[in-house]
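[1] A predicted structure for the sequence below; I have some questions about it.
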Amino acid sequence: MHANVGDLLIIHGHVVGHGDRKGEIVEVRGQDGAPPYLVRFDDGHEQLMFPGPDSVVEPAEPE
């Protein structure tokens, strides 16, 4: 997995009734875009994450 600051991390819900979670990657702590990532979610909390197989990185739209 490779990411840049500003990309979105999408974690797919795998339990009925739990939707996807989306957060903005605000810091990449691994080498060459590798995890862990510091992610800020829509509700404002931040979490250090090592994304699993149920996660995808969506590149940020160019400005």
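    That came through fine.

[2] how far out from the middle of the chain is stretch 13-28?
    7 Å (Cα atoms, centre = their mean, to the nearest Å).

[3] kindly apply the preceding question to stretch 5-25 instead.
    With Cα atoms, centre = their mean as the basis, the distance from the averaged C-alpha position of stretch 5-25 to the chain average is 7 Å.

[4] got a list of contacts for it?
    Contacting residues not belonging to stretch 5-25 are listed as 3-4, 26-28, 37-42, 47, 49, 51, 54-60 [Cβ atoms under 8 Å, 6 or more residues apart in numbering]. Bear in mind the C-beta positions are built from the backbone N, C-alpha and C, glycine included.

[5] now do the end-to-end distance for stretch 10-20.
    7 Å (Cα to Cα, to the nearest Å).

[6] show the buried residues in the contacts of stretch 5-25.
    Applying 16 or more other Cβ atoms under 10 Å to those, the neighbour count classes 3, 28, 37-39, 49, 51, 55, 57 as buried.

[7] and the residues you listed, which of them are in strands?
    When these are checked against strands (DSSP state E), the matches are 28, 37-39, 49, 55, 57.

[8] could you export these as JSON lines, including pLDDT and distance to Lys22?
    Shown next, in JSON lines, are those (pLDDT from 0 to 100; distance: Cβ to Cβ, whole Å):
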{"residue": "Val28", "pLDDT": "98", "distance to Lys22": "17"}
{"residue": "Tyr37", "pLDDT": "98", "distance to Lys22": "13"}
{"residue": "Leu38", "pLDDT": "98", "distance to Lys22": "15"}
{"residue": "Val39", "pLDDT": "98", "distance to Lys22": "9"}
{"residue": "Met49", "pLDDT": "95", "distance to Lys22": "12"}
{"residue": "Ser55", "pLDDT": "95", "distance to Lys22": "10"}
{"residue": "Val57", "pLDDT": "96", "distance to Lys22": "11"}
